[in-house]
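[1] Requesting a structural model of the entry that follows:
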Amino acid sequence: MKTALRKILKKINASVIIATIFMFFIVIVGSATIPTVLAQIGAALREPSTARTSAHLIKNAYAEMLTTDLNQSILTNRATYVNLNGYVARLLGQRYVNEVVKMNNGYLTQVCARVSNETSIQRITALFQKQTENGGAYLFVLAPTKNSEYEDLLPPDIKDEANANADDLVSGLRKNGVPVLDLREELHAQGISVDEAFNKTDHHWNAQTGFWAYVQIFRTLQNMGVVSDIPDNLLDANQFEFRIYKNSFLGSLGKRTGQYYAGVDDFCQIIPRIQTSISVKIPDANVDLTGRYEDVAYAEENFGGTDYFNQRSYSAYGYGNRAMVHWGSDVAPIKQRFLVYGDSFGNVPFSLFPLCVQTCDELDMRHFTENFAAYYEEFNPDVIVCLVNVQELSSDSENVLYDFFPGK
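    Predicted coordinates for the structure are as follows:
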């Protein structure tokens with residue numbers, strides 16, 4: 001009995017210590033918010049003491065304060081508060097913070113609800129049919145989620161429907177004759193785990209997996225008979241340097257939970273060892289560059305460093321989520337005109353396309369505001385590749401819901 005009591009007192013003391021540290025930090029750093037914080041903490045502490053520990057009460061009161069618009073304008077260093085909030089959550093062993101789930105392997109993720117993909121299937125099929133009627137080729141590529149259906153990584157009380165949504169979409173597209181490259185299947189078949197494929201603190205795959213996806217796409221197009229005569233060195237990882245910047249990246253999920261909740265990631269810069277010459281034009285960013293891949297395909301200043309909350313390393317590739325990017329090359333082997341579209345999972349693989357393709361337009365339908373039907377007729381693509389992430393299917397993203405040819 002005495003031993004059990006000591007354990008209980010020890011836990012209470014630990015909670016009190018954490019709560020005291022948290023309160024002290026708020027007083028020192030956030031004096032402007034003291035009245036609001038104290039009011040919320042006071043209300044929380046009036047709850048029955050058996051409900052939750054004092055540290056948990058105080059942390060939740062502060063977390064609620066952190067999300068209000070009023071106090072957002074008061075905080076002068078929000079990153080500091082996010083870091084502290086995440087650090088306390090880590091000490092308390094919390095698995096769900098600010099809509100982010102900590103997985104069994106320590107990686108961060110988010111979950112999706114069940115949705116209908118009927119409209120997505122219809123609209124993607126319409127673009128596929130239009131493309132084939134014009135004598136061209138179409139490939140739908142599905143990027144995986146961290147919540148792999150082949151690995152048990154989510155806490156038992158967390159349910160995710162992303163893969164069920166994706167299964168329905170893939171089934172519907174294949175039933176309609178749309179060629180699909182399901183990279184969930186390819187990762188599993190090649191024995192690549194979530195730990196290897198993804199950043200710990202980001203929902204995106206890492207740059208190395210983005211390169212792997214680029215290779216899978218062109219191998220699939222070769223197997224479909226769409227392209228040929230691609231020199232092996234353009235798809236050979238041994239012909240590229242994967243330069244690693246240690247502890248230099250905090251992903252989108254890490255920015256929601258702080259750098260101490262799950263740690264930070266290494267980040268990779270891809271540099272071809274072979275001679276390259278590509279061009280990139282981005283109308284809405286005043287970018288017009290020609291040169292080696294490593295000089296024009298990304299904003300290199302975003303690699304390295306520890307400015308975790310302001311640096312955007314992943315978005316450096318392809319300049320990140322632009323309405324339209326014109327890629328080109330005078331020396332690439334494939335002369336067919338490519339149209340590629342999709343979400344930010346395409347940042348790395350699409351930036352590598354001009355190594356193989358002379359003419360390639362990249363669209364993000366979430367930001368594209370032109371008349372697509374008119375653009376399509378003028379550009380007249382030989383090949384269309386769509387690349388979207390599994391979790392994108394649960395959103396209202398125009399990349400899967402875009403009405404390419406309305407009224408037809």
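
[2] show me what contacts V264?
    K200, T201, N247, S248, F249, L250, G254, Y308 (Cβ atoms under 8 Å, 6 or more residues apart in numbering). Every C-beta, even on glycine, is put in place using the N, C-alpha and C of the backbone.

[3] Those residues, buried ones only, as a ChimeraX selection?
    Filtering the contacts of V264 down to the buried ones (16 or more other Cβ atoms under 10 Å) takes a single ChimeraX command:
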select :200,201,248,249,250,254,308
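
[4] Lowest pLDDT pick from the contacts of V264?
    Within the contacts of V264, pLDDT reaches its minimum at Y308, with 92.

[5] can I assume that one is in contact with L250?
    Yes - between Y308 and L250 there is a contact at 3.6 Å, judged by Cβ atoms under 8 Å.

[6] what's the overlap in contacts for the two?
    With contacts taken as Cβ under 8 Å, 6+ apart, Y308 and L250 have Q259, V264 as neighbours in common.

[7] can you pull out the helices in the stretch 151-300 of the chain?
    162-175, 183-189, 194-197, 207-223, 254-257, 293-296 (DSSP state H, counting those that start in this stretch).

[8] Need the contact partners of the second one.
    Spelled out, it's helix 183-189. The contact list for helix 183-189 (Cβ under 8 Å, 6+ apart) reads 141-145, 148-150, 163, 166, 197, 213, 216, 390.

[9] and S395, how many neighbours does it have?
    Per other Cβ atoms under 10 Å, the neighbour tally for S395 reads 16.

[10] which one of the helices of the stretch 151-300 of the chain lies closest to S395?
    helix 162-175 (10.4 Å; Cβ to Cβ).

[11] Go through that closest one and flag the buried ones.
    By 16+ other Cβ under 10 Å, the buried positions in helix 162-175 come out as A162, N163, N165, A166, D168, L169, V170, G172, L173.

[12] cool, stretch 125-132 as well?
    Neighbour counts over stretch 125-132 (16+ other Cβ under 10 Å) mark T125, A126, L127, F128, K130, Q131 as buried.

[13] Columns distance to W205, secondary structure and pLDDT on top of those, output as CSV?
    Formatted as CSV, these follow (distance: Cβ to Cβ, whole Å; DSSP: H, G, I helix; E, B strand; the rest coil; pLDDT from 0 to 100):
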residue, distance to W205, secondary structure, pLDDT
T125, 26, helix, 98
A126, 29, helix, 97
L127, 25, helix, 98
F128, 25, helix, 98
K130, 30, helix, 98
Q131, 27, helix, 98
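
[14] what's the most distant pair in the residues you listed?
    T125 and Q131 (10.6 Å).

[15] picking up where we left off before, out of the contacts of helix 183-189, who's nearest S329?
    When the contacts of helix 183-189 are compared for distance to S329 (Cβ to Cβ), A213 comes out closest, at 19.6 Å.

[16] ok, now which ones touch the spatially closest residue to the closest one that is not a sequence neighbour?
    Spatial nearest neighbour of A213, excluding adjacent residues (Cβ to Cβ, 6 or more residues apart in numbering): P349 at 4.7 Å. Shown in contact with P349 (Cβ under 8 Å, 6+ apart): G210, F211, A213, Y214, I217, L387.

[17] Now do the SS call for P349.
    helix (DSSP: H, G, I helix; E, B strand; the rest coil).

[18] pLDDT wise, what is it at?
    At P349, the model reports a pLDDT of 98.

[19] do the same with the one 10 residues further on
    Predicted confidence (pLDDT) for T359: 98.

[20] Show me what it is bridged to.
    Taking DSSP bridges as the rule, T359 bridges to G328, R337.

[21] which residues sit in contact with H367?
    N321, R322, A323.

[22] TSV for the residues you listed, including distance to S315 and pLDDT?
    Output for the contacts of H367, formatted as TSV (distance: Cβ to Cβ, whole Å; pLDDT from 0 to 100):
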residue	distance to S315	pLDDT
N321	7	87
R322	10	94
A323	15	96
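
[23] between the buried residues of helix 162-175, which is closest to P155?
    Checking those one by one against P155 (Cβ to Cβ), the nearest turns out to be A162, at 15.6 Å.

[24] Take the contacts of V264 and keep only those in strands.
    Among these, the ones falling in strands (DSSP state E) are N247, S248, F249.
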